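Novice: need a 3D model of the following:
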Amino acid sequence: MTSEVPHFTTFGKNYARRFADTDVFEKIFEHILLEAVKAGFVDAHAVFIDATHIKASANKNKAKNEEVRIAAKHYHAELMDEIAKDREINGKKPLKDNSDNDNDVSGSGSGISSAAPKTKNIKVSTTDPGAGLFHKGEREKMFAYTSHVASDKHGFILGCEVAPANIHDSVMFDDFYKGVITRFPEIKIAALDSAYKTPWIMKQIFDSGRLPSTPYKRPMTKKGFFRKHEYVYDEYYNCYICPENQILSYSTTNRDGYREYKSKSYICINCPSRHLCTDSKNHTKVIARRVLSDYMELAEDVRHSPEGKAIYLLRKETIERVFADAKEKYFMRYTHYRGLAKLKMQTLLTFATMNLKKVAKWKCKNSLSNDFLIVIIIFWKDKPPSSEWMGVCLRSESPFNGDFCYLFLHQGAETNTAFTNTFVPII
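Specialist: Below you'll find the model as predicted:
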């Protein structure tokens, strides 16, 4: 406690010389999480998964346009297997082998490919190339990252992953979810928001022997037309029945993983409700049903169950509270470093600090004197080493502006026990 305060560049130089390209930050996070598990504080019966954006230290006007290839879905091979099984069940021939799976321009399973691969233009920051352009709803465009986080119902962070903000949440889910359930196999239900409510993700959760707790997702249909739920699906005859009691028969299963159901044009041309059904030139209504849509229906059953409703209501007290605390109290609203690797280090240390603080408070509350973590804040107000460093008081949870703080781990019931060499800066 009486030693000289470290210079503010100490951590930066150590990161560049010792910590870069290592798993030391993952080990710190896992070690603190393991302490919470050993103390019996973590309840992993239900896991809450969500993502939040972190604004990058990059001007949105300093960017360049790059043309990149549109990659195939990360689960393309598994999807093609499901499509092949579905076509076989419905008496359709297998799709022609397409060497470039990204270039099917017909969209109907014909196997016709374009001469050149599909590409798209994206904006890349010249300041922080690792960040992605983020634009959601009425929010301003910005370069940002997204932090994918899993927590239990007590607010302990069970895992986190960082990605550029232009990568959709559902793309990051597979590997992240597998890592969480590997670490906590006792998970029984996963609470997700609507961004994760896709057939493939629902399949992943059900196939792992767990249940998804998801919200209602509004159907995306044209305004002024019949909604999809007004067309009744007959599972026995594998067809749809329209509001005018006409049949839409199965046509094919396309390469995108959709079954196509089509009406008879000679019936629809004289239909009194055609203006509410379709505006196609050939007077044919086409309904697309996903191959994996059965998993979406199972998810709806869970959503209406008492347990599904109760678990989803806890999101605002768990994962949303984690994000609120991280941004308001631990300065995670903006990045402090540039680059994906450094930002992952920042988020891991932030969430490790949050877990450590909760462990200390809970052990103090439960009077676990034999295995007690004493957390001491050391701060200087007269002459702070750097205005960039700020700390948080454990009791009031209010920030010390300009103070330089450490969290020291002190084990044992006696107050004169020597300090360990483990410390985590609050940044």
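
Novice: show me the contacts for residue 233.
Specialist: Neighbour list for residue 233: 239, 240, 289 [criterion: CB atoms under 8 Å, 6 or more residues apart in numbering]. For glycine as for every other residue, the C-beta is placed from the backbone atoms N, C-alpha and C.

Novice: mind checking which of those residues are buried?
Specialist: Among the contacts of residue 233, those buried by neighbour count (16 or more other CB atoms under 10 Å) are 240, 289.

Novice: out of the contacts of residue 233, the closest to residue 57 would be?
Specialist: Nearest to residue 57, judged by CB to CB, of the contacts of residue 233 is residue 289 at 45.1 Å.

Novice: what secondary structure does that closest one sit in?
Specialist: strand (DSSP: H, G, I helix; E, B strand; the rest coil).

Novice: right, and it touches residue 259 too?
Specialist: Yes: between residue 289 and residue 259 there is a contact under CB atoms under 8 Å: 4.6 Å.

Novice: ok, back up a step: could the contacts of residue 233 go into a markdown table alongside pLDDT and distance to residue 252?
Specialist: Below are those laid out as a markdown table (pLDDT from 0 to 100; distance: CB to CB, whole Å):
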| residue | pLDDT | distance to residue 252 |
| --- | --- | --- |
| 239 | 93 | 14 |
| 240 | 93 | 14 |
| 289 | 90 | 12 |
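
Novice: just the strands in the stretch 201-350 of the chain please.
Specialist: Using DSSP state E, counting those that start in this stretch, the strands of the stretch 201-350 of the chain run over residues 211-213, 232-234, 239-241, 247-253, 258-262, 286-290.

Novice: quick one: low-confidence parts of the stretch 1-150 of the chain?
Specialist: 1, 71-72, 98-117 (pLDDT under 70).

Novice: try 50
Specialist: Within the stretch 1-150 of the chain, the stretches with pLDDT under 50 are 100-115.

Novice: so which of the strands of the stretch 201-350 of the chain is nearest residue 198?
Specialist: In terms of CB to CB, the element of the strands of the stretch 201-350 of the chain nearest to residue 198 is strand 286-290, at 9.1 Å.

Novice: touching that closest one from outside, list them.
Specialist: Under CB under 8 Å, 6+ apart, the answer for strand 286-290 is 199, 228, 231, 233, 240, 248, 251, 257-263, 278, 280, 296.

Novice: next, the buried residues of it.
Specialist: Going by neighbour count (16+ other CB under 10 Å), the buried part of strand 286-290 is 287, 289, 290.

Novice: again, but for stretch 197-207
Specialist: 197, 198, 199, 200, 201, 202, 203, 204, 205, 206.

Novice: can you check stretch 224-240 too?
Specialist: 226, 231, 233, 240.

Novice: got JSON lines for the strands of the stretch 201-350 of the chain, with distance to residue 54 too?
Specialist: Below are those laid out as JSON lines (distance: least, CB to CB, whole Å):
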{"stretch": "strand 211-213", "distance to residue 54": "26"}
{"stretch": "strand 232-234", "distance to residue 54": "42"}
{"stretch": "strand 239-241", "distance to residue 54": "44"}
{"stretch": "strand 247-253", "distance to residue 54": "40"}
{"stretch": "strand 258-262", "distance to residue 54": "35"}
{"stretch": "strand 286-290", "distance to residue 54": "32"}
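
Novice: can you pull out the helices in the stretch 301-427 of the chain?
Specialist: For the stretch 301-427 of the chain, applying DSSP state H, counting those that start in this stretch gives helices covering 306-313, 319-328, 340-366.

Novice: for residue 123, I want the exact helix or strand it lies within.
Specialist: strand 119-125 (DSSP states H and E).

Novice: sorry, back to before: just the buried residues of strand 286-290 now: which is nearest residue 169?
Specialist: Nearest to residue 169 out of the buried residues of strand 286-290 is residue 290 (CB to CB; 18.6 Å).

Novice: gap between that closest one and residue 192?
Specialist: Using CB to CB, to the nearest Å, we find residue 290 at a distance of 18 Å from residue 192.
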